[in-house]
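>>> need a 3D model of the following:
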Amino acid sequence: MKRKVGYALCGLIAVLLSLFLIYDNFIAFKPVIIFQRFRVNIEENYNFEAANLIMAYDEQRPVPATFAENEINYLEWSNDIFDDLYYNYMTPTDVKLSAAINQGKVTFTYQGYVTTKQGETMDYFEEATFDFIKVPEMKNFDKVYD
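The predicted structure follows:
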């Protein structure tokens with residue numbers, strides 16, 4: 001009797017382990033997310049930094065709705081800042097980008113100074129936090145690409 005219970009428990013553990021491995025290898029959503037920082041040089045004394053999002057995931061696997069929503073929110077926020085810095089200011093402008101990962105969430109911070117079209121220099125600060133489910137890689141984020 002004890003032997004049958006032991007075999008049954010071993011069989012159950014083997015089935016559960018197999019199910020976990022099948023889920024992890026074939027069903028689970030595991031994106032590869034990389035952020036790189038690059039500098040936009042419009043003209044002398046008019047530059048700012050932006051983030052480049054590189055992402056890959058298996059399109060056959062279901063994308064969680066919260067991930068897709070967060071991705072769209074990040075892209076809209078990032079594009080709005082890029083457009084704002086590119087079209088609404090003039091020389092001298094210098095805005096730096098930094099990022100920090102805290103509890104699996106990424107906080108992006110744009111900070112520096114801008115000059116309005118009217119010639120007024122003012123501080124620039126924008127910050128937002130995004131949760132990409134999986135902690136992204138900040139590949140060479142300390143290096144700024146031109």
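>>> okay, now the domains of this protein?
Per automatic domain parsing, the domain ranges recorded for the chain read 1-28, 31-145.
>>> got the contact list for the residue nearest to residue 34 when sequence neighbours are not counted?
Excluding the flanking residues, the one nearest residue 34 by CB to CB, 6 or more residues apart in numbering is residue 54, at 4.3 Å. Any C-beta I mention is one placed from the backbone N, CA and C, and that applies to glycine too. Shown in contact with residue 54 (CB atoms under 8 Å, 6 or more residues apart in numbering): 33-36, 139.
>>> how close does residue 126 sit to residue 105?
17 Å (CB to CB, to the nearest Å).
>>> biggest strand in this structure, by residue count?
Longest strand in the chain, counting residues (DSSP state E): strand 89-102.
>>> buried sites along whichever helix or strand comes after that one?
Where DSSP states H and E defines the elements, the next helix or strand beyond strand 89-102 is strand 105-116. Neighbour-count burial for strand 105-116 flags 106, 108, 110, 112, 114-115 (criterion: 16 or more other CB atoms under 10 Å).
>>> centre of the chain versus strand 105-116, how much separation?
Relative to its chain's centre, strand 105-116 lies at 16 Å (CA atoms, centre = their mean, to the nearest Å).
>>> between the longest helix along the chain and strand 89-102, how many degrees?
Taking DSSP state H as the criterion, the chain has its longest helix at helix 65-87. Calculated by axes from the mean of the first three to the mean of the last three CA atoms, to 10 degrees, helix 65-87 forms an angle of 150 degrees with strand 89-102.
>>> I'd like the mean pLDDT over stretch 53-66, please.
Stretch 53-66 carries an average pLDDT of 80.
>>> returning to that earlier point: compare the mean pLDDT across the domains of the chain and name the weakest.
If you rank those by mean pLDDT, domain 1-28 sits at the bottom with a mean of 73.
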